[in-house]
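Asker: what shape does this take:
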Amino acid sequence: MTAPQEPQDPQEERPPTQEEMEAMLADRLARTPVRDVLLQCMATFVDMAGVRLGMGPAGDQARDLPQARQAIEALRALLAVAEQELGAAQVRPFKEPLAVLQMAFSRASEERLDPPAEQAPPPPPPAPDAASRLWVPPGTPRTEGPR
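Answerer: Numbering: from 1, shown residues only. Below you'll find the predicted structure:
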């Protein structure tokens, strides 16, 4: 014997309308402190810059230096605003990651300009300098190395 099914609320079955979604979003924005959104955006830019520098799980496949630069600059700008509005203690956790990202970007930019030494052919060995050899009078027996 099967249990009688309870009538389902028709509102639970249908997705929310556009107006309902807008109302839910407006309500959530009204309850969310700007401080939370600012800090979350800064954390997102840290992650995004790292991924775009090839430091994420996808490695160099996700590397995009112009996008990394934009994320780093956005983080730097938000850091200044957050420090002014929220205080130094709130932004301190973002300063070291910003410095690390800036250094990684600098290195990545240099690598892009200068090919790695492995790919460049090695420089030819220097030619022997005739002036560096000791003159020996003709007919003098030569010895191999110092004794």
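Asker: which parts of the protein are helices?
Answerer: 10-13, 18-31, 34-52, 65-86, 88-113 (DSSP state H).
Asker: can you redo those as TSV with mean neighbour count, mean pLDDT and distance to P141?
Answerer: Every residue, glycine included, has its C-beta placed from N, CA and C. Formatted as TSV, these follow (neighbours: other CB atoms under 10 Å; pLDDT from 0 to 100; distance: least, CB to CB, whole Å):
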stretch	mean neighbour count	mean pLDDT	distance to P141
helix 10-13	7	66	107
helix 18-31	10	93	97
helix 34-52	17	95	69
helix 65-86	16	96	65
helix 88-113	14	92	55
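Asker: just put those helices in CSV and tack on distance to P124.
Answerer: Converted to CSV, the helices of the chain look like this (distance: least, CB to CB, whole Å):
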stretch, distance to P124
helix 10-13, 78
helix 18-31, 67
helix 34-52, 39
helix 65-86, 34
helix 88-113, 24
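Asker: so which of those gets nearest G59?
Answerer: helix 34-52 (9.6 Å; CB to CB).
Asker: contacts for the closest one next, please.
Answerer: Outside helix 34-52, the residues within contact range by CB atoms under 8 Å, 6 or more residues apart in numbering are 56, 58, 62-65, 67-68, 71-72, 74-75, 78-79, 81-82, 85-86, 90-91, 94, 97-98, 101, 104-105.
Asker: let's see it at 6 Å
Answerer: 56, 62, 64, 67-68, 71-72, 74-75, 78, 82, 86, 94, 97, 101 (CB atoms under 6 Å, 6 or more residues apart in numbering).
Asker: out of these, flag the one nearest to P33.
Answerer: Using CB to CB, these come closest to P33 at L86, 10.4 Å.
Asker: which residue packs closest to that closest one, ignoring adjacent ones?
Answerer: Closest residue in space to L86, ignoring its immediate chain neighbours: R35 at 5.9 Å, by CB to CB, 6 or more residues apart in numbering.
Asker: what's the spacing between that neighbour and V81?
Answerer: 11 Å (CB to CB, to the nearest Å).
Asker: ok, now M48?
Answerer: Taking CB to CB, one finds M48 at 18 Å from V81.
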